[in-house]
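Whatever this is, show me its structure:
(chains A and B)
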Amino acid sequence: MLELILFYTFGAIAVISGILVITRHNVVHSAAFLGATLFAVAGIFLTLHAEFVAGVQVIVYVGGILVLFVFVIMLIAVERSVHERQYNKQWTIALITSAILIVEIAYGLYRGRDSLVLPAVVPPAAAAAGGNSEQVGTALYTSYLLPFEIASILLLVAIVGAVVLSKKRTPAEE
Amino acid sequence: MDFAIDYILIPFIKIFIVFNVVAGVVALLTLAERKVAAWIQVRLGPMRVGPYGILQPLADGIKLMLKEDIVPAGADKWIFTLAPVISLVPAFIVFAVIPFGPADAFTIMGHKVGYVITDLNIGVLYVLSISSVSILGIILGGWASNSKYPLLGALRSAAQMVSYEVALGFSIIGVLILAGSLSLVKIVEAQKAAGYWYVFLQPLGFILFFACGIAETNRAPFDLPEAESELVAGFHTEYSGFRFSIYFIAEYASMIVVSCMAVTLFWGGWLRPFPNVHILDFLDAIPLAPLFWFAAKVVVFIYAYLWFRWTWPRYRYDQLMKVGWQWLLPLAMANVIVTAVLVLLLKG
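Residues are numbered from 1 along each chain as shown, chains lettered A, B, ... in the order given. Purely as a prediction, here's the structure:
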């Protein structure tokens, strides 16, 4: 019962602040609401007994990505975006297409309703036997070792690419 | 009934005590900072309010609360109000997992009570993730002031804290490998079982941790975000009265957090000196011995903080980045690799 209440509370916070992220005129306000959304998602992870994932969610998304977002936002002129029109003239077409998309998804969900059974949440006693962090670590370094390593190489390539692109060129190179 | 006592009443009492003690220590720290500064510069420091100026924090607090609350014209009012709170809250809720003593110290009427509010199995990760949020308070506060010095301070702060957070995380991993747990209580218990404090196995890890911790709390020699000789007061230039003091309470509370983490991870937490020498067992007989040892160690680190501030010049910005990325981070990574290899070799 308590878990259900917590789930709906966090879910509501996540959805409402998610909507506010895209409707606020001021980008910094959007960023603040994005922080609220990310925290609410971390809360949902906690109700699922995924403490490690919740901690990583906050440290990576709020402490890392959101800080970088705000850092970039501060370097651009926010005042102009506040006065600009937020929606352009194609909103009727956009409304129709998104309505069609919602109907499609709803129909798809309705057709597959029998297979829509969520797996039961692992009871805390079973999770505590090995500990959530240990379980994530074991899974990452045994069953998912190859995808894990590929993801790290991908990130390394991205870093090298960013360094190459932002490096100052000497006159001889140009 | 038992559920209500174990999960609501006892934690509530503990939170009440910890919150008030931390707030009190923060007030004393403002006095300690001025006293230590004065002694280092061969002065007396505050002497007028109470004996040896002991009531100075009270006078400061009343003064700050009575001051006019100024919000600059053109400031973003919502963010301006919210930013100090974003800084303050993480600094305080981190204390929820700091073990001031054993987790099940004594039993009162069948209920186990320990010196820690809650022992999370992701304790270290919780501390890192929550304290990474307080950066946002500084950045948003600097931006919302709509003024150039705060903005420059906020930009510096964002770059500095993101850089040093990486090295901070890596410097802890050595301890995590040795202890095999993310829970702060289990890390101290592992040191008790091993018979020595981890600082003797991880001296480099400790130095890196404390250096990065000082940078994360924006203290000298890493206090570029509020460098008063170049940026007036950095990110809190436009803040006055009680809002300004909220930023300061947050800064002092995070200093206590970093000191507590250093003590817990590297200096044996609540353990007495030489925990493996049984002749010294009588040292544990003092009432509240764990609290005494923990507090004594924390005081040493807080003093070091104040001492550094008044004896070291501030880094220049390029030096700051160079130290962070070219020295601290590679050293922290090397420390992780060497520790991992040695643990594998010696255990296997």
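
Skipping adjacent residues, who's closest to the one residue in the stretch 151-300 of chain B that gets nearest to chain A in space?
Relative to chain A, the nearest point of the stretch 151-300 of chain B is residue B:158 (4.6 Å; Cβ to the nearest Cβ). In this view, the C-beta of every residue, glycine as well, is placed from N, C-alpha and C. Leaving out its chain neighbours, the residue that sits closest to residue B:158 by Cβ to Cβ, 6 or more residues apart in numbering or on different chains is residue A:71, at 4.6 Å.

Quick check: the gap between that neighbour and residue A:105.
Distance of residue A:71 to residue A:105, computed by Cβ to Cβ, to the nearest Å: 36 Å.

Compare these two (neighbour count), which wins?
Between residue A:71 and residue A:105, counted using other Cβ atoms under 10 Å in any protein chain shown, the more crowded position is residue A:71 (18 against 10).

from memory the more buried one sits against residue B:155, does it?
Yes: counting by Cβ atoms under 8 Å, residue A:71 sits close enough to residue B:155 to count as a contact (7.1 Å).

and the residue of chain A found nearest chain B, what is it in contact with?
Chain B sits closest to residue A:63 of chain A, with a gap of 2.7 Å, by Cβ to the nearest Cβ. Neighbour list for residue A:63: B:128, B:129, B:132, B:133, B:135, B:165 [criterion: Cβ atoms under 8 Å, 6 or more residues apart in numbering or on different chains].

Flag every buried residue along stretch A:65-81.
A:66, A:67, A:69, A:70, A:71, A:73, A:74, A:78 (16 or more other Cβ atoms under 10 Å in any protein chain shown).

count of neighbours near residue B:120?
So residue B:120, with other Cβ under 10 Å, has 19 neighbours.

Check residue B:229 too.
If we define neighbours as other Cβ under 10 Å, then residue B:229 has 6 of them.

which stretch of helix or strand covers it?
Using DSSP states H and E, residue B:229 maps to helix B:228-231.

Which parts of the stretch 151-300 of chain B are helices?
Here the stretch 151-300 of chain B has its helices, by DSSP state H, counting those that start in this stretch, at B:184-194, B:203-216, B:228-231, B:241-266, B:289-311.

neighbours of residue A:148, just the number please.
12.

hang on, it packs against residue A:137?
No: the criterion here is Cβ under 8 Å, and residue A:148 misses it with residue A:137 at 10.6 Å.

Alongside chain B, which residues does chain A contribute?
Proximity of chain A to chain B, by Cβ under 8 Å from any Cβ of the partner chain, involves residues A:26, A:28-29, A:32, A:35, A:51-52, A:54-56, A:58-59, A:62-64, A:66-68, A:70-71, A:73-75, A:128, A:131-133.

Follow the chain on from the lowest-mean-pLDDT helix or strand in chain A and name the next helix or strand.
Least confident helix or strand, chain A: helix A:124-130 with a mean of 54, by mean pLDDT, DSSP states H and E. The helix or strand immediately downstream of helix A:124-130 is helix A:132-141, counting by DSSP H and E.

Dump that following helix to PDB, keeping only the CA atoms.
Taking Å, rounded to 0.1, in the frame of the first residue of the first chain, the C-alpha atoms of helix A:132-141 are listed here in PDB:
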ATOM      1  CA  ASN A 132      21.700  -4.300  -4.700                       C
ATOM      2  CA  SER A 133      25.100  -2.800  -5.700                       C
ATOM      3  CA  GLU A 134      26.700  -6.200  -5.700                       C
ATOM      4  CA  GLN A 135      24.000  -7.600  -7.900                       C
ATOM      5  CA  VAL A 136      24.300  -4.800 -10.400                       C
ATOM      6  CA  GLY A 137      28.100  -5.200 -10.400                       C
ATOM      7  CA  THR A 138      28.000  -8.900 -10.900                       C
ATOM      8  CA  ALA A 139      25.500  -8.600 -13.700                       C
ATOM      9  CA  LEU A 140      27.600  -5.900 -15.400                       C
ATOM     10  CA  TYR A 141      30.800  -7.800 -15.300                       C
END
